[in-house]
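>>> mind looking at a prediction? Sequence and model below.
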Number of protein chains: 2
Amino acid sequence: MEISVDLFKKLKSFSEPELQKEILKHGKFLKASKGDILIKEGQYLDFLPIVIKGLLRVYQQKEDREILLYYVGPEQTCMMSLSSAYFDYNSTANGIAMEPTEILVLPAHLIAEWQLKYPSWSKFIIKTFKSRYDELLNAFGSVAFKPIHVRVTEYFTEYVKNENSNKIPISHQTLANELGTTRVVISRILKQFEKEKKVKLYRGYIQLKA
Amino acid sequence: MEISVDLFKKLKSFSEPELQKEILKHGKFLKASKGDILIKEGQYLDFLPIVIKGLLRVYQQKEDREILLYYVGPEQTCMMSLSSAYFDYNSTANGIAMEPTEILVLPAHLIAEWQLKYPSWSKFIIKTFKSRYDELLNAFGSVAFKPIHVRVTEYFTEYVKNENSNKIPISHQTLANELGTTRVVISRILKQFEKEKKVKLYRGYIQLKA
DNA sequence: TGAGTTATGTATCTTTTGATACAATCAATT
DNA sequence: AATTGATTGTATCAAAAGATACATAACTCA
């Protein structure tokens, strides 16, 4: 697939025609398959990936445990690369494609340049920083103050809100990774929830009740 | 004290003369006493505080426990207000002056405006976002993966690095607040450290050994 | 000086979380 | 059908953290 003007039907954040021209001129298009690792901890990033379609999962890893920082969906970009446009910076997180994902790749040096030229770009950048920060702050508050069973419940609530479905297709292990704990802990908590008639457990998915 | 050109001896981030003029024109000067609460959770902020001298502590609170997010020192500003310049936003943290603190207060609406006009301002803004994000990410990783006794040790290491002193003037209760736990837990850990000859405990301060 | 306040020490008990081990079940593939 | 791997269920044990309660020590200031 080629980069074309159609792109901006999906990227409504960039309204100025001049900016659109520049994006078409400098941008490259990339397709990632499910499971592709796009960003690694310690890696230096000199490009800015903007997701067109699909989903990236950004997480931290320590030994065999990992924890979710945030997802990058369509029209969003990644903090880590954003930072390295201004400063020497190595990513402190990993990014992996959760599904087939289409990405617009821009050279990092343009970020600062466009910041001064295009209000919509400037707003996009700030918005990215702000929302990532908020998400992280939120996750931080949860980890610092809430016991895991509450965080599991909140994960479910969030899922229902976003996906509008009571059937959550996730394994215990994966859920444990999202929340930064271990599989046994999650299985234990879910079993307890089942006893309390809050959920029904199946292989590969969880059915929420009420 | 009046706002004057002397200000920019302390605020080296703003190099353009034009920008300096604007700051002198629109900025107000504020003195906060130790203990003054400048930002409250839930509060809407339409101003941007930049610390000239002194120190602000920004933290979250849940019931009777609190946890440190970051400090704002000279030449730095606060994420929360930065965000509200662009979006409707209520602060999700509290900010308190740790010592007598001098603050330059700017109307929030100028943030976006200056972003497009002054490269040094733009850089300052991004730098703020980035470093606050990094700090938070760091704190997050600690809370998610490290047991409290390790975080206590890291707190000490950090203190020595910044203050260049082995004598840490802090009460157990305050240290507990910094790390988001309770006093008894901290006392227990410190006593253990003392048994291991890592520290000596006194009323009001902790003496690090070796 | 002595009354009140803040800081520290510590014991006991409970809850939460984590580590390890193993069995049972389901799914996919040869 | 048999093998393999992923998923789930659970039991046991240990460690970390939190809650509560109470005693003591040190400071402060009227």
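Here it is on my side, so go on.

>>> helix, strand or coil: sort out residue A:106 for me.
Classification of residue A:106 using DSSP: H, G, I helix; E, B strand; the rest coil returns strand.

>>> which residue is the nearest non-sequential neighbour of it?
Distances taken as CB to CB, 6 or more residues apart in numbering or on different chains place residue A:48 nearest to residue A:106, at 4.7 Å, with adjacent residues excluded. Every residue, glycine included, has its C-beta placed from N, CA and C.

>>> ok, now residue A:207?
residue A:200 (4.3 Å).

>>> and the helix or strand encompassing the one you found, what does it pack onto?
Secondary structure assignment for residue A:200, by DSSP states H and E: strand A:199-202. Packed against strand A:199-202 by the contact rule (3 or more CB pairs under 8 Å, 6 or more residues apart in numbering or on different chains; DSSP states H and E) you find helix A:183-195, strand A:205-208.

>>> rewinding a little: who's in contact with the residue nearest to residue A:207?
Contacts for residue A:200 (CB atoms under 8 Å, 6 or more residues apart in numbering or on different chains) come out as A:194, A:206, A:207, A:209.

>>> contacts only, for residue A:52.
Going by CB under 8 Å, 6+ apart, residue A:52 touches A:7, A:10, A:11, A:74, A:75, A:102, A:103, A:104.

>>> ok, 6 Å please
Contacts for residue A:52 were tallied using CB atoms under 6 Å, 6 or more residues apart in numbering or on different chains; they are A:10, A:102, A:104.

>>> distance of it relative to residue A:71?
Here the criterion is CB to CB, to the nearest Å. By it, residue A:52 lies 15 Å from residue A:71.

>>> residue A:8 now?
Counting by CB to CB - residue A:8 and residue A:71 are separated by 23 Å.

>>> one more: residue A:96?
Residue A:96 is 11 Å from residue A:71, where distance means CB to CB.

>>> just residue A:165 next, same as before
Distance of residue A:165 to residue A:71, given as CB to CB: 17 Å.

>>> now the residue most central in space within chain A, what's its secondary structure?
Nearest to the geometric centre of chain A sits residue A:71, at 1.4 Å (CA atoms, centre = their mean). Secondary structure, three-state DSSP: residue A:71 is strand.

>>> any chance of the helices and strands packed on strand A:199-202 in JSON lines, with mean neighbour count too?
Output for the helices and strands packed on strand A:199-202, formatted as JSON lines (neighbours: other CB atoms under 10 Å in any protein chain shown):
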{"stretch": "helix A:183-195", "mean neighbour count": "16"}
{"stretch": "strand A:205-208", "mean neighbour count": "16"}
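
>>> columns distance to DNA strand D on top of these, output as JSON lines?
Formatted as JSON lines, those follow (distance: least, CB to the nearest atom of the strand, whole Å):
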{"stretch": "helix A:183-195", "distance to DNA strand D": "4"}
{"stretch": "strand A:205-208", "distance to DNA strand D": "7"}
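
>>> tell me the one of the contacts of residue A:200 nearest residue B:187?
Checking the contacts of residue A:200 against residue B:187 with CB to CB, the nearest one is residue A:194 at 39.9 Å.

>>> contacting residues around that closest one?
residue A:201.

>>> if I look at it, how far off is residue B:125?
Distance from residue A:194 to residue B:125, by CB to CB: 49 Å.

>>> over to residue A:100?
As for residue A:100, its distance to residue B:125 is 35 Å (criterion: CB to CB).

>>> for residue A:125, same thing?
Taking CB to CB, one finds residue A:125 at 9 Å from residue B:125.

>>> ok, now residue A:74?
As judged by CB to CB, residue A:74 and residue B:125 stand 26 Å apart.

>>> then residue A:13?
According to CB to CB, residue A:13 stands 18 Å off from residue B:125.

>>> do the same with residue A:17
Using CB to CB, residue A:17 is found at 26 Å from residue B:125.

>>> related to what we said a few turns ago, now the strand holding residue A:200: average pLDDT?
For strand A:199-202, mean pLDDT is 96.

>>> next, the buried residues of that strand.
residue A:199 (16 or more other CB atoms under 10 Å in any protein chain shown).

>>> parallel or antiparallel, list what pairs with that strand.
Paired strands of strand A:199-202, with direction, are strand A:205-208 (antiparallel) (DSSP bridges).

>>> burial of residue A:12, as a residue count?
Residue A:12 has 9 neighbouring residues, counting by other CB atoms under 10 Å in any protein chain shown.

>>> how far does the lowest-mean-pLDDT helix or strand in chain A sit from the chain's center?
The helix or strand of chain A with the poorest confidence is helix A:79-84; it has a mean of 79 (mean pLDDT, DSSP states H and E). What separates the centre of helix A:79-84 from the centre of its chain is 14 Å, taken as CA atoms, centre = their mean, to the nearest Å.

>>> could you do stretch A:72-80 as well?
Using CA atoms, centre = their mean, the offset of stretch A:72-80 from its chain centre is 6 Å.

>>> alpha carbons of it, as CSV, please.
What follows is stretch A:72-80, C-alpha atoms only, in CSV (Å, rounded to 0.1, in the frame of the first residue of the first chain):
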residue,chain,number,x,y,z
VAL,A,72,-1.3,2.7,21.2
GLY,A,73,-4.3,2.7,18.9
PRO,A,74,-5.2,4.5,15.6
GLU,A,75,-4.2,8.1,15.4
GLN,A,76,-1.9,7.8,18.4
THR,A,77,1.8,7.7,18.8
CYS,A,78,4.4,6.5,21.3
MET,A,79,5.9,8.5,24.1
MET,A,80,9.3,6.9,23.9
